[in-house]
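**Student:** Starting from these lines, generate the structure:
(one chain, ligands or ions: 1)
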Amino acid sequence: MLLHLKNILTDDELNTARSLLGDRAAWIDGRSSAGVQALGQKNNQQLAQDSEAAQSLRGLVLAAVNRDPLFFSAALPRKVFNPLFNRYSGDSNFYGAHVDGAVLHSRATQQWVRSDISCTLFLSDPASYEGGELVVQDTFGEQRIKLPAGDMVIYPGSSVHRVEPVNRGERIASFFWVESMVRSDEQRRLLFDLDMNLLALRKRHGETPETTALTGTYHNLLRLWADT
Ligand code: NI
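**Tutor:** Here you go, the predicted structure:
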């Protein structure tokens, strides 16, 4: 499932993030964290994980996603791999087709995380740069994604994806992974659909015996499929 989540960050948070990610931030070669397959494809910059800015930015992004009910419903997160930050500009301006590692080690939390879901939170105004689309290949074909600043896309960690060259301006984003309580993308999708339609039904008709029963079905499926 590929899903666009709007307004994950407030304007204030966006301004804070941008000021911490300016030219004086500790940008390093993005290849420092790439696996073997991705290494030859990766040409961007990444914020040094042990910098002070990275620490406060991680907190800011985690707080923002944790308060978003749509993120919770779609991702059913068990662990969120500490958010990282990258920049595409100048000569370091693309990331060719690659797959993300299936299990990743977080330096910040010393935890292993299975990458069920990949997340990209856009921080730059899309009008301020040219190119830089996130291209995700899935069973429905190629999705080209370039979102307003503060918006986020989540997509299956299993997909081949790339970032197109940025030919003007700079594209700054946060990216991270989620290990879900529900490992299967298909099961997660069913739960999300059920949850969204229950919300819509309640809005239209209020609480009815049917919505109560279907909410029970939702939780019983979650109980069958979730690992906590
Ligand atoms: Ni990737």
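**Student:** Now do the phi/psi pair for the residue sitting nearest the centre point of the chain.
**Tutor:** Compute the mean C-alpha point of the chain, and by C-alpha atoms, centre = their mean the closest residue is Cys119, 1.3 Å away. Backbone torsions of Cys119, given as degrees, to the nearest 10, read phi -130, psi 140.
**Student:** what's the longest strand in this protein?
**Tutor:** strand 171-180 (DSSP state E).
**Student:** Remind me what it packs against, helices and strands.
**Tutor:** helix 52-66, strand 77-80, strand 84-88, strand 112-114, strand 117-122 (3 or more C-beta pairs under 8 Å, 6 or more residues apart in numbering; DSSP states H and E). All C-beta atoms are positioned from the backbone trio N, CA, C, and that covers glycine.
**Student:** rewinding a little: Glu130 versus the residue nearest to the centre of the chain, what's the distance?
**Tutor:** Relative to Glu130, Cys119 is positioned 24 Å away (C-beta to C-beta, to the nearest Å).
**Student:** Now do the helices in this structure.
**Tutor:** 11-20, 36-39, 52-66, 69-75, 185-205, 209-225 (DSSP state H).
**Student:** what mean pLDDT would you report for the first one?
**Tutor:** Looking back up the chat, that one is helix 11-20. Per-residue pLDDT values across helix 11-20 average out to 97.
**Student:** list the helices and strands it packs on?
**Tutor:** helix 52-66.
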